[in-house]
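>>> sequence plus predicted model, see below.
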Amino acid sequence: MRIAFLTRWNATCGVSFHAELLCRRLSSMGYEVIVFAPKLRSANLDWHHKRIRIRDEKWVLRSYEETSELMYPDGGSVGEAILDEDYDVMIVEIYGRLPISELANISEKIRRKARLIGVIHLAWRRDVPPMLKLRWDALTIFDKRYRDELLRGYDLSGIGRIEEIPYPFAVVDGQGSRRPEEAEGRFLFFSYGRQPEIEYVDYLRAARGFCEGGDAAYHILRSDSRLKVNEPWIIQEVDRPSLRKLYEMLRGADLHLLPKADTRGVVVSSTIAQSLYSGAPTIAPDTRYFETIPGSLDEGPIVKYRLGDLDDLREKLKTLMRDESRRERISENARRYALKRSEERVAKRFLELMNSL
């Protein structure tokens, strides 16, 4: 079976990471995969899309042009390669810059040779009607919120079936740990990513009280630019490391501080899916990105605090810093949680779906 993906690829965004985990896992399982990815001149116009500095695999074709959020569902183009290549299944990662109208124009030609499966990354009901113009053999959702909030009330008669398959969690074993030399002998907080600077405010203000005395440090890794702060207890790097190198940094830290603003949309966090199996105890704000994940000081794979409440955050940081056994328990919970949703298990769920259509 040859499996095609229409998706972003090798980029710092959740759409890309979802496809990368599944494609590489399916390839390792012996399946032939082909990826139709966006041309970089269009994808790089989006703030969320920054290319990871590695060469595309030989089975990746940069063949379509993204549209914009303002033009969606119109605009962009899909390219001839999507119809010229042979495959048995096409999995489409559905997101807000996908040229969905152009894809709808050729969708029946695709379905003459392949089953058509969509993965919904959309966060808002306003973006749903254009994708329902295609006759999907199946749509997949990450959790029941997508059915209850996004799809509720729409005519779904053109969809063969809707399957709930969670976002896959990365599983990377056999890694050591690394800490910045400046953090030796100190408790180490760690954040990574490319979130807007305002999303670090809670952590910067809360960490100051623990770090100013020299007993702790805050290591911040960003993919594009340093934060505009200059404190002796802050260690900053600019890099887009491989997943294995990232795991070394996570495992070298004592606490992973995950910055994320709130939204009213239906969302999941690709960052938590990327990092949780590392075992680094993670604290995150109680936003919609994490609402399906249990989180407290006593149970669950992560600890949540009330976004914008520094008293709540400081108290939880203090408890976690003092109680190593609690950190170890959270770490073990995290690894178990990630394994239940591992890339291998999720890839097998997709294979079951493909074979059932």
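Received, thanks.

>>> how about the strands in the stretch 201-350 of the chain?
216-222, 234-238, 255-257, 282-285, 303-305 (DSSP state E, counting those that start in this stretch).

>>> quick check: buried residues in the second one?
In terms of neighbour count (16 or more other CB atoms under 10 Å), strand 234-238 has its buried residues at 234-236. Where you see a C-beta, it was placed from the backbone N, CA and C, and this is true even at glycine.

>>> before we move on, what about the longest one?
Within strand 216-222, the residues scored as buried using 16+ other CB under 10 Å are 216-222.

>>> neighbouring contacts of it?
For strand 216-222, the surrounding residues in contact (CB atoms under 8 Å, 6 or more residues apart in numbering) are 179-180, 182-183, 186-194, 200, 203-204, 207, 210-211, 226-227, 233-239, 241, 249, 253, 257, 321.

>>> quick one: strands adjacent to it?
strand 187-193 (parallel), strand 234-238 (parallel) (DSSP bridges).

>>> residue 270 is nearest to which of these?
strand 187-193 (9.9 Å; CB to CB).

>>> pLDDT (mean, whole number) over stretch 230-239?
The average pLDDT within stretch 230-239 is 94.

>>> should've said stretch 57-74
95.

>>> repeat for stretch 342-349
98.

>>> could you export that stretch as PDB, CA atoms only?
Taking C-alpha atoms only, stretch 342-349 is exported to PDB below (Å, rounded to 0.1, in the frame of the first residue of the first chain):
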ATOM      1  CA  SER A 342       2.700   7.000  20.900                       C
ATOM      2  CA  GLU A 343       3.300   7.600  17.200                       C
ATOM      3  CA  GLU A 344       3.500   3.800  16.700                       C
ATOM      4  CA  ARG A 345       0.000   3.300  18.300                       C
ATOM      5  CA  VAL A 346      -1.500   6.200  16.400                       C
ATOM      6  CA  ALA A 347       0.000   5.000  13.100                       C
ATOM      7  CA  LYS A 348      -1.500   1.500  13.700                       C
ATOM      8  CA  ARG A 349      -4.900   3.200  14.300                       C
END
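
>>> can you give me the helices in the stretch 251-357 of the chain?
Using DSSP state H, counting those that start in this stretch, the helices found in the stretch 251-357 of the chain span residues 270-275, 310-322, 324-340, 343-356.

>>> what does the first one contact?
Helix 270-275 is contacted by residues 13-14, 17-18, 167-170, 192-193, 243, 246-247, 250, 256, 258, 260, 282, 284, 289-290, 293, 302, 338, 341 when judged by CB under 8 Å, 6+ apart.

>>> just the buried members of those residues?
13-14, 17-18, 167-170, 192-193, 243, 246-247, 250, 256, 258, 260, 282, 284, 289-290, 293, 302, 338, 341.

>>> one step back: please identify the deepest-packed of the helices of the stretch 251-357 of the chain.
Stretch with highest mean neighbour count among the helices of the stretch 251-357 of the chain: helix 270-275 (a mean of 24; mean count of other CB atoms under 10 Å).

>>> who's sitting farthest from the centroid in the protein?
Residue farthest from the centre of the chain, counting by CA atoms, centre = their mean, is residue 213 at 35.3 Å.

>>> and it, how far from residue 131?
Separation of residue 213 from residue 131 (CB to CB, to the nearest Å) stands at 54 Å.

>>> now residue 20
On the measure of CB to CB, residue 20 and residue 131 end up 22 Å apart.

>>> go on, residue 247?
Counting by CB to CB, the gap from residue 247 to residue 131 is 35 Å.

>>> tally up the residues packed near the nearest residue to residue 349 once chain neighbours are set aside, please.
Of all residues not flanking residue 349 in the chain, residue 165 sits nearest, at 4.8 Å (CB to CB, 6 or more residues apart in numbering). Residue 165 is flanked by 20 other residues according to other CB atoms under 10 Å.
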